[in-house]
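[1] Any chance you could fold what I've pasted below:
(one chain, ligands or ions: 3)
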Amino acid sequence: MDSTTANGGGRTAAAAWLSLAAALVVLVGATGGETVSSAVSLVVSITAAVAAWLGVQRCRPGPAARWVAVAVSLNALGDLLWQLHAWLADSPPDVSVADAAYLASYCALGAALVVYAGDGDPHPRARFHALLDGAAVLVVALLVVWQSSVHSTLTDASLPLGTRVIWAAYPLLDAVVLGLVVRGMVVQSRVGVPALLLGLGATAWLASDLAWLLLAAPDTVSGWLDAGWLIGAAAFATLPWRDRSDLPAGPTVTPATAGTGRWRMTLAFLPLLVPGGFELRAWLAGENIDPLPGLLATATLTVLIIVRAQRLLTDQDRARAEVHSLARRYEALAVTSSDAVAVVDRDGRLTSDSRSLAELLGRPGCTGRSLPQLLGGIGIDPADVMTALDRARLTPGEPVELDLLGAHPTGGTVWLGGRAVDLRHDPDVGGIAVSVYDITPRKLAEQELAHQAFHDGLTGLANRSLFLDHTEQALRRAGRTGSPPIVLCLDLDGFKDVNDSLGHLAGDDLLRTVATRLQGVVRAADTVARLGGDEFAVLLDDTRGGLPVAASLAERLLQVLGEPVLLHGHRVTVAASIGIVAAEPDATPLSLFRDADIAMYRAKAAGRAQWVVFDPSMRAAALERIELERELGGALAAGQLRLVYQPVVDLQTEQVVGFEALLRWQHPTLGAIGPDRFVPIAEDSGHILPIGRWVLAEATATAARWQRAHPRSTPLSMAVNVSARQLAGGTLVEHVAEALTSSGITPSSLVLEVTETALVTDPDAVAERLCELRALGTRLALDDFGTGYSSLSYLRQFDVDVLKIDRSFVSLLDGSADDAAIVHGLVQLGRTLRLEVVAEGVETEAQRDRLRAERCDLAQGWLFAKPLEAEEAELLLLAQASAAPALPRPRPATTAGELPVAQA
Ligand code: C2E
Ligand code: CA
Ligand code: CA
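    Ligands and ions are numbered 1, 2, ... in the order given. So this is what the prediction gives:
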């Protein structure tokens with residue numbers, strides 16, 4: 001059963017029980033017949049006990065109510081014993097064992113009241129006050145009882161002393177109970193139903209006990225006397241049917257606030273009137289009463305009241321001091337806390353001075369001034385403050401959060417947080433209470449955190465998340481404006497090499513420089529992001545110009561990035577490959593990223609330092625690229641790589657003087673994959689490093705075999721291609737030395753071919769590396785000469801031995817004389833610098849003849865031989881040896897100091 005239904009049911013049952021008991025009581029009183037009366041009263045008494053325990057069981061009240069139930073039960077036991085006595089003996093004794101039960105029931109009642117009093121309040125002061133009040137009531141009650149009955153009973157010499165004492169004890173104990181009940185009421189400052197029930201019970205018992213003692217022939221009214229006792233029992237028995245919260249508890253007020261009422265003081269003095277009242281009544285009645293009890297009572301009461309009055313005054317002083325200290329505490333809190341607290345009227349004017357606000361504003365005396373204006377002085381817009389106050393006025397009593405941002409007049413932002421509550425209805429406040437505090441540092445920290453979450457720590461550019469977010473927004477805007485966003489994906493060419501050769505700090509510096517340069521070129525509304533590593537992206541905000549505008553931006557980006565950077569004493573030039581993509585209607589940020597990336601890789605594969613616009617057909621190529629990169633990892637170990645050798649011939653004699661080793665990849669399922677497809681991938685992925693090492697070892701081993709089989713005065717040369725990645729990595733020199741040693745070939749017969757683009761990344765470091773290679777005795781060739789940029793400046797900077805004129809120039813030799821002039825110029829340049837000149841890609845006899853006429857030294861090309869398998873190359877060497885034994889023949893000078901023998 002839940003407590004509310006128990007409670008409700010309990011109340012109904014209690015009311016029903018009380019009505020029944022009252023009816024029986026009236027019956028008892030009215031019948032007056034001894035036998036009926038005794039029987040009925042016993043039934044009522046026992047029923048009361050049963051009812052009390054039922055109430056305890058049903059309503060589960062506190063321990064006090066149980067004590068009351070015990071009291072009612074003991075009372076019923078007394079009644080039962082007394083009746084037994086009455087029935088067994090004709091005249092029952094004056095005092096019997098029944099009295100023991102009755103007196104015990106008082107003990108239980110006393111316990112109940114003590115528990116009540118101790119129930120609610122822990123304050124010893126309050127308990128002491130209640131004790132004083134209770135004592136005063138008790139003294140008065142005792143005086144009343146004494147003057148009216150006890151005195152005469154105790155002095156009645158006709159009775160045995162024991163009987164006298166026990167009889168006198170009943171009204172005395174009734175008085176004590178009544179005193180305690182009244183004390184509870186006084187202390188609680190309320191008259192609850194339980195207190196009324198207790199009061200009713202105690203009064204009924206007192207009345208019957210007094211009447212029994214005072215009346216000369218109580219037997220004549222025994223029905224009414226019984227009725228009094230039974231009413232008492234019924235009232236007590238009803239008490240457990242009340243729930244706990246109704247029970248009279250001890251004082252619930254604190255010492256500070258207790259007793260501040262004037263009526264408490266008046267009540268405290270009231271008992272003093274009672275002894276005087278008795279004297280007055282005796283005097284009026286012409287009686288001569290013993291003055292001693294009255295005097296004693298007056299003296300006791302006076303002492304009690306003096307103590308009580310003093311306590312009340314102390315309480316009042318304490319209460320005042322506490323209020324004062326509370327006020328001071330709040331003031332101190334307001335001043336020392338970072339909150340500025342103020343109360344303003346409906347127009348925002350301060351109604352009182354606020355030290356804390358003065359402190360925040362850095363100016364005193366704000367009373368009467370307008371809070372919005374005052375905050376305006378530190379940069380907050382007064383209109384914002386007014387709006388906040390208006391919002392507070394709309395919901396009286398409800399706090400409204402403040403978040404005020406402004407620009408401080410002395411610079412920087414100022415951010416105030418706080419609350420405003422409209423308390424104009426509260427007479428203690430009578431205005432809008434506003435608390436504001438400076439949250440600038442917190443907000444700045446929050447902003448910093450947010451910035452860190454969305455920006456690249458190294459360059460300060462947007463990071464991938466922010467870029468994706470901006471792209472997403474741009475795509476959404478494109479739905480409305482119709483101009484699709486354009487994304488440029490940019491990857492630095494050769495950044496890894498800088499990192500490898502100059503270290504990470506230099507790499508970081510380079511990335512920062514690139515970031516600054518990129519930001520310098522784009523418009524403010526565009527987003528520049530670092531996606532990670534050396535990959536950057538640009539999101540164009542205004543794309544009305546379409547792809548042409550993006551292309552010209554890409555051109556400008558290449559231009560600014562192409563300018564040399566000074567890194568830790570080294571002049572470094574980086575280029576970038578840029579992929580450009582315009583969003584299709586179904587594009588997502590990620591698909592844009594992917595497509596731009598694909599276009600960027602296209603740019604890289606096409607020779608770097610350029611931009612490429614994405615085309616959907618590139619997607620398949622990109623997928624292939626990913627597949628190739630994966631497959632390349634195991635190609636070397638699986639023996640899928642091999643070298644073919646293209647003969648290099650002397651243009652005059654057409655004799656083979658050497659070979660160029662060229663890499664081939666035969667994949668079991670993908671078939672033959674050309675180096676133009678896989679070498680760039682191998683370079684990007686780093687696979688070129690182990691592969692390059694293997695090429696060097698394989699090519700030199702082959703060269704050694706052929707040189708032994710076909711000894712010549714100038715040994716057959718072997719040209720090996722070296723990629724930029726190999727040149728930048730720290731192990732090339734070591735691997736070359738290793739190849740020379742293990743093959744045992746003459747170092748000068750090894751020609752290392754490098755392209756111009758491999759030289760540009762970090763010219764200083766590359767020059768150093770080339771010097772080391774030449775120190776080993778190898779020769780260096782500048783491959784694809786003429787296709788890179790500023791060829792001449794590189795020729796001067798790098799000490800090379802061989803120039804390889806690119807196939808694209810050689811193919812021009814079939815055309816106009818103007819075009820042929822370029823080849824003429826290149827050959828002449830080589831001759832002037834005393835370099836060996838090799839023409840690549842000679843396919844026709846016309847080309848051969850022109851080159852011969854230009855006095856170009858050597859040539860390679862399909863006209864002479866395609867790249868050959870090692871066995872085929874060997875057969876060729878054999879065939880040549882048998883046709884025309886190779887004779888020692890002069891070779892052009894390889895160093896500036898030596899003149900070509902032919903010229904000499
Ligand atoms: P490259 O160093 O310029 O090599 C010359 C390329 O021209 C070779 O292509 C060769 O087969 C081709 N060729 C030779 N004569 C003719 C001709 O008369 N007409 C035409 N149309 N082409 C001719 P291949 O073998 O496909 O090599 C392509 C590029 O791959 C090479 O260009 C080189 O840069 C790179 N490569 C090849 N092998 C290696 C290697 O072992 N290591 C590195 N790092 N790169 C290599
Ligand atoms: Ca080559
Ligand atoms: Ca070449």
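[2] Ala420 belongs to a strand?
    Yes. Under DSSP: H, G, I helix; E, B strand; the rest coil, Ala420 sits within a strand.
[3] any idea how far Phe236 is from ligand 1?
    As judged by CB to the nearest ligand atom, to the nearest Å, Phe236 and ligand 1 stand 111 Å apart. For every residue, glycine as well, the C-beta is placed using N, CA and C.
[4] Isn't that residue up against Gly201?
    Yes. Shown here, Phe236 and Gly201 form a contact pair, counting by CB atoms under 8 Å, at 4.5 Å.
[5] Find the residues that touch each one of these two.
    Here Phe236 and Gly201 share no contacting residue, scored by CB atoms under 8 Å, 6 or more residues apart in numbering.
[6] neighbours of Pro485, just the number please.
    Using other CB atoms under 10 Å, Pro485 has 26 neighbouring residues.
[7] show me what contacts the residue of the chain positioned farthest from its centre?
    Most distant residue from the mean C-alpha position of the chain: Ser158, 91.4 Å away (CA atoms, centre = their mean). For Ser158, the contact set (CB under 8 Å, 6+ apart) is empty.
[8] need the residues of the protein near ligand 2, please.
    721, 753, 783 (CB under 5 Å from the ion).
[9] what's the helix or strand for the last one?
    The reference is to Asp783. strand 779-785 (DSSP states H and E).
[10] I'd like the distance from that strand to the chain centre, please.
    In terms of CA atoms, centre = their mean, to the nearest Å, the centre of strand 779-785 is set 60 Å apart from its chain centre.
[11] list the helices and strands that strand packs on?
    If contacts are counted by 3 or more CB pairs under 8 Å, 6 or more residues apart in numbering; DSSP states H and E, strand 779-785 sits against strand 717-721, strand 750-755, helix 756-760, helix 763-775, helix 791-797, strand 802-805.
[12] returning to that earlier point: using pLDDT, spot the least trustworthy of the residues of the chain next to ligand 2.
    On pLDDT alone, Asp783 ranks lowest of these, at 93.
[13] If Ala661 is in a bridge, with which residues?
    Legend: beta-bridge partners of Ala661 under DSSP bridges are Tyr645, Val720.
[14] and whichever residue of the stretch 551-700 of the chain sits closest to ligand 3, how many residues sit next to it?
    Nearest residue of the stretch 551-700 of the chain to ligand 3 (CB to the ion) works out as Glu660 at 8.3 Å. Using other CB under 10 Å, Glu660 has 25 neighbouring residues.
[15] give me the number of residues near the residue nearest to it when sequence neighbours are not counted?
    Excluding the flanking residues, the one nearest Glu660 by CB to CB, 6 or more residues apart in numbering is Ala719, at 4.1 Å. By other CB under 10 Å, 27 other residues sit near Ala719.
[16] which residues does Ala719 contact?
    648, 658-661, 751-753, 781.
[17] looking at the helices and strands packed on strand 779-785, which one has the lowest mean pLDDT?
    helix 791-797 (a mean of 68).
[18] Nearest to ligand 3: which residue in the stretch 301-450 of the chain?
    Ala450 (52.7 Å).
[19] re the thing from before, may I see the residues of the chain next to ligand 2 organised as CSV, with neighbour count added?
    Formatted as CSV, the residues of the chain next to ligand 2 follow (neighbours: other CB atoms under 10 Å):
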residue, neighbour count
Asn721, 22
Glu753, 22
Asp783, 26
